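**Q** fold the following.
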Amino acid sequence: MTYTSFLYVIICGFLSGLFIPAVASRFGKILPADPGLVLAHLWHKPISPKTHDGVRYALWQYKWKKLKIFSLCWGIIMASLFACAYTYIGSAYIGWTAGFILIIGFLIAVDQQYFLLPDFFTIPLLFLGFGFATFTGMLSPSASFFGALFGYFLCTLSVWVMNLIFKRAEFGAGDVKMVTALGAWLGYESLNITLILSFVFFAAYAFIVRKKSGAFGPALGMAAIIMLFIAYAK
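**A** As a prediction, the model looks like this:
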């Protein structure tokens, strides 16, 4: 490890994290969020209201201030996670692991705001997982493939059973795609532990806020990042 490259990784993590809240906030304006529409509208510059419209301008200033605070927090989180990936998983894999962490960050932020896990992030996460297995040797391609397959069928079976018994399904299509993508990264054994951890995190969140429903993506994303370090730390 060199201090220069380590510092570069931290700076990249911080700068990439700064964009997460701003990018996530765009999804409320481009639903349904198919990839082409996202690319067309993702980087539009926000228009501030006129200063003479006092109420709207004050609200805009409040939202802008909150966005800057969230951006700073995400920057610090991403810088810390990138640094941990570089240190504990290895500099040779930092491109892959940083991509995983960053996409998970976007998914968490979008799902928190809009209860949405868009294909714009879940599908690249899936293919990045197959690439990680193919080119790094950290996970065999067959384990990656069967991990993704296991994740997909496990979620599909869960939705089917819940519909039969309770006439409702708690997993959305985005959750199924995210779990499938995580299976490609972690394999089916680690994916099982990830799901258990995510249920624990979600149950703790539901208990704290006194709600029985909410976005499952943040709990799943946090569990996945923890499991990435457990599975691949050297």
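
**Q** after the lowest-mean-pLDDT helix or strand in the chain, next one along is what?
**A** The helix or strand of the chain with the poorest confidence is helix 35-41; it has a mean of 70 (mean pLDDT, DSSP states H and E). Using DSSP states H and E, the helix or strand that directly follows helix 35-41 along the chain is helix 54-84.

**Q** buried sites along that following helix?
**A** Of the residues in helix 54-84, those with enough neighbours to count as buried (16 or more other C-beta atoms under 10 Å) are 70, 71, 74, 75, 77, 78, 79, 81, 82, 83, 84. C-betas here are computed from N, CA, C, even on glycine.

**Q** quick check: the second one vs residue 25, distance?
**A** Meaning residue 71. Using C-beta to C-beta, to the nearest Å, we find residue 71 at a distance of 10 Å from residue 25.

**Q** cool, the fourth one as well?
**A** Between residue 75 and residue 25 the computed distance is 16 Å (C-beta to C-beta).

**Q** and the next element down the chain from the helix or strand hosting residue 194?
**A** If you go by DSSP H and E, residue 194 is part of helix 173-209. Downstream of helix 173-209, the first helix or strand assigned by DSSP H and E is helix 217-232.

**Q** CA atoms of that following helix as PDB?
**A** Only the C-alpha atoms of helix 217-232 are listed here, as PDB (Å, rounded to 0.1, in the frame of the first residue of the first chain):
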ATOM      1  CA  GLY A 217     -33.300  -1.500   0.300                       C
ATOM      2  CA  PRO A 218     -31.300   0.300   3.000                       C
ATOM      3  CA  ALA A 219     -31.200  -2.700   5.300                       C
ATOM      4  CA  LEU A 220     -30.300  -5.000   2.400                       C
ATOM      5  CA  GLY A 221     -27.600  -2.700   1.200                       C
ATOM      6  CA  MET A 222     -26.000  -2.300   4.600                       C
ATOM      7  CA  ALA A 223     -26.000  -6.100   5.100                       C
ATOM      8  CA  ALA A 224     -24.500  -6.600   1.700                       C
ATOM      9  CA  ILE A 225     -21.600  -4.200   2.400                       C
ATOM     10  CA  ILE A 226     -20.900  -5.900   5.700                       C
ATOM     11  CA  MET A 227     -21.000  -9.300   4.000                       C
ATOM     12  CA  LEU A 228     -18.600  -8.100   1.300                       C
ATOM     13  CA  PHE A 229     -16.000  -7.400   3.900                       C
ATOM     14  CA  ILE A 230     -16.600 -10.600   5.700                       C
ATOM     15  CA  ALA A 231     -16.500 -12.700   2.600                       C
ATOM     16  CA  TYR A 232     -13.500 -11.100   0.800                       C
END
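
**Q** what is the mean pLDDT for it?
**A** What helix 217-232 shows for mean pLDDT is 95.

**Q** and stretch 194-206, by the same measure?
**A** Across stretch 194-206, the average pLDDT comes to 91.

**Q** list the buried residues of it.
**A** In stretch 194-206, counting by 16+ other C-beta under 10 Å, buried: 194, 195, 197, 198, 201, 202.

**Q** cool, thanks, signing off.
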